[in-house]
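Q: Sharing a model that was predicted from the sequence below.
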Amino acid sequence: MNIEGIDHVSGFCLGIVLASYERLAPRGRLLKTDHALVQRDALLLAWATSNDIFEIAKGAINQNWGMSQSESLEAAVQFGQISGSIDARETLLQQHLTADLSLFVVNEVVPSKESLDRRKVVAWALKLARDEILKALDSKQCFGHTIHLLNERLAVQKTALSLPMLKDSALVKLGRSLPGEAAINNARRSKSGLHPKAGETLRIYEGLRRLAPFAVRRIVSQTLIERLNSQRLLELGGGLAMAEALSIASGYPLKWNSDVASDGVMAVVGPYAVGWHKPVSDIPDHLQEAVSTKDTRTGLSISFIQCAVASEASYENVTIRLATESLLALCRNESKKGPGFKETSLSNCAVVMRKLFEFKPVTSSPDQMIITEFGNMARGRLLELAHRVYTRTPTT
């Protein structure tokens, strides 16, 4: 698949996912429902375990700050063991005034306020990520992340936060409040080091707290869309198109499933669950996998979509034929699950081609399988299929 095609499918998928999140935060205000809060927590955990946070922690551990810190001299009164250069004149004056010969006035080299602000941004990015992982481990709600990964990332973050430069300079001297917008933007404008990335990750964190579209788009893209190969991405687009069409046909809202990478369910629409027919982890990267719509009340897969790609016109007919044969086998397998199951109707299925070269889809009757290409699917071609599925499914 060409890059332009991949970007088109990615944009389609992101549009549906963002719309689902926007319903949880109308006019930028997060709903206080359990579903909304869980979806936000899933995004925050994805942020906390992201490669950006990991790279910030590793960079801090390796002292990869990448810049010279601006510093200044600051006078301080010390007793007994001293550090810094002694200011003899001030020391004699203070000893005379206090009659305490153990008192010394020294000039300490301290980071500038700007440098401390930037360190604080780094420290808080790691602190917030650590807290999100601890919360997930404590609640055992890991949203598809393995315990091994969470503990691995947590250990690196704790190590970084124990460094004196972050623990003392950033969290103590500047207080315990989250950096403000000015400090975050200042870090983002820094020319080198960890500070620009830390400033950007804190901006994303603040956005995720209210499900801001720019932040949701970044995390969903980084943690899912960009990790899917072209075939899995096309299948995700087919599943989301079916879920959107089912939402229109049934009136139920489309709810994006943030655990899609682990359980394979892309979206839930009322009693319908749309996703990969097999767990994603069981699907070899080079093979196609059907997208199924399951009626959660009966456990029956009531519709299948096979997404396929023909590299050129001469392979188009055989590609469609093989996809159709796969759908037929899936439909028949439903009846083998037990006495309560029946064969899924092929007219409840569709072949979605990335692109059609010479094949001309005809206006299908209710008893015909749908064959379409991604462009028409994205424009609502699966609405007809969704109406069939909904009207043929018992409502109770």
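A: Here it is on my side, so go on.
Q: part of a strand, is residue 368?
A: No. Residue 368 is assigned coil when assessed by DSSP: H, G, I helix; E, B strand; the rest coil, not a strand.
Q: what's the distance between it and residue 270?
A: Separation of residue 368 from residue 270 (C-beta to C-beta, to the nearest Å): 26 Å. (Glycine included, C-beta is placed from N, CA and C.)
Q: so how far is the helix ranked longest in the chain off the chain centroid?
A: The single longest helix within the chain, with elements called by DSSP state H, is helix 113-139. Mean-position distance between helix 113-139 and its chain equals 18 Å (C-alpha atoms, centre = their mean, to the nearest Å).
Q: so what secondary structure elements neighbour that helix?
A: helix 34-48, helix 51-61, helix 147-161, helix 164-167, helix 181-188, helix 195-209 (3 or more C-beta pairs under 8 Å, 6 or more residues apart in numbering; DSSP states H and E).
Q: These: lowest mean pLDDT?
A: With a mean of 79, helix 164-167 has the lowest mean pLDDT of these.
Q: Break this protein down into its structural domains.
A: For the chain, whose domains are defined here by automatic domain parsing, the residue ranges read 31-66+114-209, 71-111, 228-391.
Q: between the helices and strands packed on helix 113-139, which one is nearest to residue 359?
A: Ranking the helices and strands packed on helix 113-139 by proximity to residue 359 (C-beta to C-beta) places helix 34-48 first, at 39.4 Å.
Q: Show me what the closest one is in contact with.
A: 21, 24-25, 30, 53, 128-130, 132-133, 135-136, 141-143, 145, 153, 201, 204-205, 208-209, 211, 215-216, 219-220, 223, 255-256, 258-259 (C-beta atoms under 8 Å, 6 or more residues apart in numbering).
Q: now with 7 Å?
A: 21, 24, 30, 129, 132-133, 136, 143, 145, 204-205, 208, 211, 216, 219, 223, 258 (C-beta atoms under 7 Å, 6 or more residues apart in numbering).
Q: Figure out how far it is from the centre of its chain.
A: 9 Å.
Q: same deal with stretch 217-231?
A: Its chain's C-alpha centre and that of stretch 217-231 lie 8 Å apart, by C-alpha atoms, centre = their mean.
Q: End to end on that stretch, go ahead and measure it.
A: Using C-alpha to C-alpha, to the nearest Å, one end of stretch 217-231 lies 21 Å from the other.
Q: Low-confidence regions, the stretch 51-200 of the chain specifically.
A: Within the stretch 51-200 of the chain, the stretches with pLDDT under 70 are 64-84, 108-113, 168-176, 192.
Q: can you do 50?
A: Within the stretch 51-200 of the chain, the ranges that satisfy pLDDT under 50 run 66-68, 70-74, 170-171, 174.
Q: For the stretch 151-300 of the chain, which segments are assigned as strands?
A: Along the stretch 151-300 of the chain, the segments classed as strands by DSSP state E, counting those that start in this stretch run 254-256, 265-269, 272-276, 291-295, 300-308.
Q: Report the rounded mean pLDDT for the shortest one.
A: Okay, so that is strand 254-256. 96.
Q: for the second one, same thing?
A: Averaging the model's pLDDT scores along strand 265-269 yields 97.
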